[in-house]
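*Asks:* got a sequence here, can you build the structure:
(one chain, ligands or ions: 1)
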Amino acid sequence: MKILITGGSGFIGSALIRYIINQTQDSVINIDKLTYAANQSALKEIEDSPRYAFEKVDICDLKTLESIFEKYQPDAVMHLAAESHVDRSITGAGDFIQTNIVGTYTLLDVAKNYWCTLDKAKKSIFRFHHISTDEVYGDLSFSEPAFTEQSSYHPSSPYSASKAASDHLVYAWHRTYGLPVMISNSSNNYGAYQHTEKLIPLMISNALMGKPLPIYGDGQQIRDWLFVEDHVEALYLILTKGRIGERYNIGGNCEKTNLEVVKTICQLLEEFIPNKSHNIRHYEDLITYVKDRPGHDIRYALDCSKIYDELGWRPRESFDSGIRKTVEWFIAHNKPCYGYYNKT
Ligand code: NAD
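*Replies:* As a prediction, this is how the structure comes out:
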């Protein structure tokens, strides 16, 4: 199978491509605009594979997208390209509207026109898998039950609103034109190569540099943490075994407060690097509470019984094992003076 992946140079996209090239016989065409969030070094181990191709493309560019579909004739699309950082969407939503909404619309239309030209056999295997977030559901109180695939949409931030809009477009292209789509909504990911603007890498790299560990509000916001390698296994399973027109929640079954996450990172750093520089006594002393993010969601939690029951998927990593691997990875990639690995 030839899979066209958008945003394959980002955090989750690159883990997905490493998984497909290393664990399957499928081919990948990665199309990515290479924004600040992209990291081509995350693809180094597979970039010479004859089953891998890269094209620098903006998903808003209709003509170039058409030529890519024409050139590669993909059997499936996995759509991950997005502006993904909530804080950036609050300070400037324009790129989020453009890429997440206009870009998804452009990609859907090109995919639909391409799909219409396929012969019966190719048409029946074609899939468009849209990768989305649990943030489209809004937030939960501490006592409410987890979101199911039937929960209604109440996005809070410009980021989650733009992802919600893109989810609706994907369903509309299925209902209206018959495009064979599926959507997955996952919880917060973490793991190797994640950009340092996100909570876990930011805390690790700041702690290693002796900088403050900024925590929004009281740090009691709850997220369900999913190890990225578990996520990409689920994505591939949905693409190959999921039902057309369906949505699947993907969670790590690991609800933690932000403060718990940061304290766990500090404890692991005490274990791995007990001899601290920068006059640090305890890593936890670096924790600093800062003004809360506007519209900050209190809690996300996903009911994943659908993907458990239908596809037999379960996360392999517990939070304890996944965060240990992640902290070790960031330490190993911050040599020699804790300069961030990303832009070397
Ligand atoms: P990321 O920000 O690390 O990567 C996004 C990638 O998309 C980058 O390589 C970037 O260059 C590319 N891109 C951005 N705009 C583009 C455009 N106009 N055209 C082509 N490429 C473009 O994001 P991520 O964390 O890997 O997330 C991937 C997807 O998963 C996103 O759709 C995101 O909404 C979703 N998601 C992420 C998380 C998470 O915790 N990271 C959780 C749930 C869902």
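*Asks:* for the rest of this, base every contact and every neighbour count on C-alpha atoms.
*Replies:* Fine.
*Asks:* so how many other residues sit close to Asp32?
*Replies:* Under the neighbour criterion other Cα atoms under 10 Å, Asp32 is assigned a count of 23.
*Asks:* in the sheet, who's paired with it?
*Replies:* Beta bridges link Asp32 to Lys56 when assigned by DSSP bridges.
*Asks:* next up, the contacts around it.
*Replies:* Contact analysis of Asp32 by Cα atoms under 8 Å, 6 or more residues apart in numbering lists Thr6, Gly7, Gly8, Ser9, Phe54, Glu55, Lys56, Val57, Asp58, Ile59, Ala81.
*Asks:* again with Ile323
*Replies:* Contact partners of Ile323, counting by Cα under 8 Å, 6+ apart, are Tyr190, Gly191, Ile265.
*Asks:* re the thing from before, the contacts of Asp32 also near the ligand: which ones?
*Replies:* Among the contacts of Asp32, proximity to the ligand is found for Gly7, Gly8, Ser9, Val57, Asp58, Ile59, Ala81 (Cα under 6 Å from any ligand atom).
*Asks:* quick one: which of the contacts of Asp32 is nearest Gly242?
*Replies:* Thr6 (19.5 Å; Cα to Cα).
*Asks:* wait, that closest one touches Ala76, no?
*Replies:* No - using Cα atoms under 8 Å as the test, Thr6 is too far from Ala76 to be in contact (11.2 Å).
*Asks:* just to revisit the earlier point, make CSV out of the contacts of Ile323 and add secondary structure.
*Replies:* As requested, the contacts of Ile323 are exported to CSV (DSSP: H, G, I helix; E, B strand; the rest coil):
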residue, secondary structure
Tyr190, strand
Gly191, coil
Ile265, helix
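*Asks:* tell me the one of those residues nearest the ligand?
*Replies:* Taking Cα to the nearest ligand atom as the measure, the ligand lies nearest Tyr190 of the contacts of Ile323, at 6.5 Å.
*Asks:* identify the residues contacting that closest one.
*Replies:* Listed by Cα under 8 Å, 6+ apart, the contact set of Tyr190 reads Ile200, Trp225, Leu226, Phe227, Val228, Ile323, Thr326.
*Asks:* which residues touch the residue of the chain positioned farthest from its centre?
*Replies:* What lies farthest from the middle of the chain is Asn279; by Cα atoms, centre = their mean that is 35.6 Å. Shown in contact with Asn279 (Cα under 8 Å, 6+ apart): Gly210.
*Asks:* confirm that it lies within a helix, as I assumed.
*Replies:* No - counting by three-state DSSP, Asn279 is not found in a helix; it is coil.
*Asks:* for it, give its distance to Gly210.
*Replies:* Applying Cα to Cα, to the nearest Å, the value for Asn279 to Gly210 is 8 Å.
*Asks:* next one: Arg247
*Replies:* Distance, Arg247 to Gly210, using Cα to Cα: 43 Å.
*Asks:* neighbour count winner among these two?
*Replies:* Neighbours were counted for Arg247 and for Gly210 using other Cα under 10 Å; Arg247 has more, 24 against 17.
*Asks:* next one: the longest helix belonging to the chain to chain centre, how far?
*Replies:* If you go by DSSP state H, the chain has its longest helix at helix 158-177. Centre-to-centre, helix 158-177 and its host chain are 17 Å apart (Cα atoms, centre = their mean, to the nearest Å).
*Asks:* just stretch 21-29 next, same as before
*Replies:* The chain centre lies 19 Å from the centre of stretch 21-29; the measure is Cα atoms, centre = their mean.
*Asks:* go on, stretch 317-335?
*Replies:* 17 Å.
*Asks:* still on that earlier bit, adding distance to Asn206, write the contacts of Asp32 out as TSV.
*Replies:* Formatted as TSV, those follow (distance: Cα to Cα, whole Å):
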residue	distance to Asn206
Thr6	30
Gly7	27
Gly8	27
Ser9	24
Phe54	33
Glu55	34
Lys56	32
Val57	33
Asp58	32
Ile59	33
Ala81	27
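*Asks:* ranking those residues by neighbours, who comes first?
*Replies:* In the contacts of Asp32, the most neighbours by other Cα under 10 Å go to Gly8, 31 neighbours.
*Asks:* my read: Phe330 touches Ala192, true?
*Replies:* Yes - Phe330 lies in contact with Ala192 (Cα under 8 Å); the separation is 7.1 Å.
*Asks:* quick check, central residue of the protein?
*Replies:* For the chain, the residue nearest the mean C-alpha position is Ile12 (4.6 Å; Cα atoms, centre = their mean).
*Asks:* good, we can wrap up now.
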